[in-house]
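> Could you look at this predicted model? Sequence included:
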2 protein chains.
Amino acid sequence: MADITIKDVAALAGVSAATASRVLSGHSATSPEAREKVAAAVAELDFRPNAQARALRSTRSDSIGLLVPDVRNPFFADLAHTVEQAALAKGYVTLLGNANEQKQQQDKYLDTLISRRVDGIIVAPLGEGEGSIRSIITRGIPAVFVDRTVDGIDVPSVTTDSAVGIRQAVSHLASLGHTRIGYISGPQTTSTGRDRFAAFTAAVAKSGLSQDPELVYFGDFQSASGSAGVHALLELDNPPTALLAADSLMAVGAIAILHRLEIRIGTDIALIAFDDIEWFALLNPALSVISHSVEDMGRVAVELLLEVIAG
Amino acid sequence: MADITIKDVAALAGVSAATASRVLSGHSATSPEAREKVAAAVAELDFRPNAQARALRSTRSDSIGLLVPDVRNPFFADLAHTVEQAALAKGYVTLLGNANEQKQQQDKYLDTLISRRVDGIIVAPLGEGEGSIRSIITRGIPAVFVDRTVDGIDVPSVTTDSAVGIRQAVSHLASLGHTRIGYISGPQTTSTGRDRFAAFTAAVAKSGLSQDPELVYFGDFQSASGSAGVHALLELDNPPTALLAADSLMAVGAIAILHRLEIRIGTDIALIAFDDIEWFALLNPALSVISHSVEDMGRVAVELLLEVIAG
DNA sequence: CGATTCCATGGAATCGATTCCATAGATCCA
DNA sequence: TGGATCTATGGAATCGATTCCATGGAATCG
C-alpha cells in the first residue's frame, strides 16, 4: 500500500532524490558521506526500488524471458534450471513462460514478455513462425532459439546435432542384429521432429536395415503418443524388434505400455530414447539414452543472448 | 529501439492518447467510431503497451510470482504447470522463480518479484522465515504458502495432509508382514520434512512396529541423499525389509542404488515413495506412490491468492 | 423551450526512478 | 592569484501509460 519511494529515502538521508539514485546505481561520483547516509536510510526503510519505474526510464530491465513448450517435460525443466543459473551469474533474472505446447499460449507469453520489456528472449519455438514469434524479430528484440528452430526466421540458435546420436543409436541396434527398428517420431511441425526423422531414415538406409514406412509412428513429443506408438508398432504383421523414441516423454509412455504388456525391455525388445533426463536411465538400466547435454545448451544460449543484447 | 507508444497509435487514429487508452482498457464509455479507429491503428502498428508504464500508474500488473525450491523436481514442475494454467484462466501471468534450494537465491527472487510489483506471490518457502520472506508480510504483499509452511509467519497456506498418506503406507507395509521399515526422511528444516517424520513415528508406534531410531535416515529431498539413505540403512546389522521415502527425488536415488546392487523392488525389498510424479509409478510397477494431487494444490493456491489480493 | 444530465473527448497531472543541465565549491596549473 | 577543470549535488525534464478534471455537444425531462 504505502510504498516507500526513493524520495522517502532521500528525505531520511537528507539528500536529493537525484543523489540517492546515484548512490543506489553506483553510477556517477558520490561522496562517501552521502553513500553512507543513503545506505543507512535504505536499510532502515527496507527500501526496494520500483523496477517498473527504473525500467521505464532506463530501458533496461536486467531480465530475460525464457519460453519453453512444456515445463513438465524434464528436458525443459533442466533447461530452465541451467538457463536461470547462467543468467543469474551474469546479473539477469529469468522470467519463465510455459507455452503448454499451444501456439496460442506461446503468443500470449511472448506478448507479455515483450510488454514487460525484457532485455532479451530465449525460446524453444512452436509452430512455423506465425504470430508473435515474427513480432520479436521485426521489433529487433534480442532473441535466441534453443533446441528448435523455425524455417525462414533468422535468429541465432542453439541446437544439438540430432543426426550423430540417431546414427549411433541405429548402428548400435544394427550391431546387435536388429533389422527392423520401430521409430516413434516427433511431430513434423517442429524442427527437431523433422531433423531426427531425417537422421533416422538416413541412418537406416546406410545400415541397410528395413525402410518399411510402417515402422514409423508419428507422435507429438508427449507421453500418451509414446504409448500409442508402441501399440501401433507391435500390432504390425511383422513387428520391430527394437524401438527408438524421439524424446524422453514418449519413451515414458512407451515404457509404461511395455510394462503393462509384460514385455521386458532389453530382453524381449530393445529401446533407446533420445533426450536426456538426468536420472532417466537410472530407473531402467536396460534403457539406453542419447544424451543431449542440457547444461551446455542452456549456458551457451544465455551467452549468445547476452552477446546479441550487447550488439 | 524506436518503440511504438500509445501516442503513435492515437496520432494514427486521430484521437488523443487519453481516448486511445480508454479504448484499450475498455474502461469508460467510448464511441464505436473511436474504438474502430484505435483498433485499426493498433493492428497496423503492431502496438504492445508498455507494461511497466501501465503498472507504474495503475499499481496493478496482472501478474503473480511463483517461487519454487527446485524446478527440476518433477513435483514442483507439475505445480508450476498447474499454477500457471489456473492463473492464466483468471487473467494473470505467472513469473516463475527457482530458488535452487538456496535461501540466498530465494531472497534474490523475492526481491525481484517485489521490485516488479507482482500482484501477489505463491511460494514454497525454504528456511525459517529469515530474510525477504519476512519483508513480504511486513509490506502486506498478498502471499500464499504452498506445500510448506514457516512457523511464526502467518500466511494462508495450501499443504497436503502428510499424516494420512504416511499412515496408510505404514499400515499397508505392516499388513504385508514388515516389522522393520526404513524411513528416508526429509530435512527437519522444512515443515514437510518435520510433518512427515512425525507422522511416520506416530504410525509406526501405532502399528506396533520397530521404533529403532537407526531405521531413520535424514536426507535433504534431493536424489543423492536417497542413495545415501539406502546405503546407510542396508548396512545396519539388522536392516529393514521395507523402505519409505519422504519425496520422489530421494526415491529416484534409492531406486538407482537398489538397481545397482541388484536388489529387486517389490521382491527383495518393498519401497513406497511420497509425492506424486505423474508418470513415476509407470516406470516401476512395483513401486507404490502416495499421491499428492498437485493439480488441486496449484489450483487452490491460485484461488486463495486471488482472494487475498481482492482483500 | 430552458435547464439538467449524460457521453465522448482532450489536456494535464501523475506514478517512481533516472539523467541532463546548471551551479557552487574545491582543486589545479600557469 | 585568476581562470579552467573537476566533483558533488539539486532541480527539472523524462520515460509511457492511466486517470482526474473540464468542456462542448447531444439527449432528456419538466
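Perfect, thanks for sending it.
> Now find how far off-centre the host helix or strand of residue A:18 is within its chain.
Using DSSP states H and E, residue A:18 sits in helix A:17-25. In terms of CA atoms, centre = their mean, to the nearest Å, the gap separating the centre of helix A:17-25 from the centre of its chain is 38 Å.
> can you check stretch A:198-212 too?
29 Å.
> Over to stretch A:106-113?
Remark: stretch A:106-113 is offset 15 Å from the chain centroid, using CA atoms, centre = their mean.
> Any part of it near DNA strand D?
No: with CB under 7 Å from any atom of the strand as the criterion, DNA strand D is not reached by stretch A:106-113; the gap is at least 12.6 Å. Quick note: C-beta positions are derived from backbone N, CA and C, even for glycine.
> For that stretch, output the C-alpha coordinates as PDB.
Below are the C-alpha coordinates for stretch A:106-113, written out as PDB (Å, rounded to 0.1, in the frame of the first residue of the first chain):
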ATOM      1  CA  GLN A 106       3.100 -19.100 -26.700                       C
ATOM      2  CA  ASP A 107       1.900 -15.900 -28.300                       C
ATOM      3  CA  LYS A 108       0.300 -14.800 -25.000                       C
ATOM      4  CA  TYR A 109       3.600 -15.200 -23.100                       C
ATOM      5  CA  LEU A 110       5.600 -13.600 -25.900                       C
ATOM      6  CA  ASP A 111       3.300 -10.600 -25.800                       C
ATOM      7  CA  THR A 112       3.700 -10.500 -22.000                       C
ATOM      8  CA  LEU A 113       7.500 -10.700 -22.200                       C
END
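> do that stretch and chain B meet?
Yes: on the criterion CB under 8 Å from any CB of the partner chain, stretch A:106-113 is in touch with chain B at A:108, A:109, A:111, A:112.
> Spell out the secondary structure type for residue A:29.
What DSSP: H, G, I helix; E, B strand; the rest coil gives for residue A:29 is coil.
> So for the residue in chain A that DNA strand D sits nearest to, what's the pLDDT?
At 2.3 Å from DNA strand D, residue A:29 is the closest residue in chain A, using CB to the nearest atom of the strand. Listed pLDDT for residue A:29 reads 75.
> and if you look at residue A:62?
So residue A:62 comes in at 88 (pLDDT).
> correct me, but it touches residue A:94?
No: using CB atoms under 8 Å, residue A:62 is not in contact with residue A:94, being 10.8 Å away.
> returning to that earlier point: with neighbour count, pLDDT and distance to residue A:125 as extra columns, can I get the residues of stretch A:106-113 next to chain B in CSV?
CSV is the format used below for the residues of stretch A:106-113 next to chain B (neighbours: other CB atoms under 10 Å in any protein chain shown; pLDDT from 0 to 100; distance: CB to CB, whole Å):
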residue, neighbour count, pLDDT, distance to residue A:125
A:108, 17, 89, 14
A:109, 27, 90, 12
A:111, 17, 89, 15
A:112, 22, 87, 16
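> And the helices in the stretch 201-311 of chain A?
Applying DSSP state H, counting those that start in this stretch to the stretch 201-311 of chain A gives helices spanning A:223-234, A:248-260, A:280-283, A:294-310.
> re the thing from before, please say which of residue A:62 and residue A:94 ends up with more neighbours.
residue A:94 (25 against 17; other CB atoms under 10 Å in any protein chain shown).
> Tell me which helix or strand that one sits in.
Following DSSP H and E, one finds residue A:94 within strand A:93-98.
> now do residue A:149
Counting by DSSP H and E, residue A:149 is part of no helix or strand.
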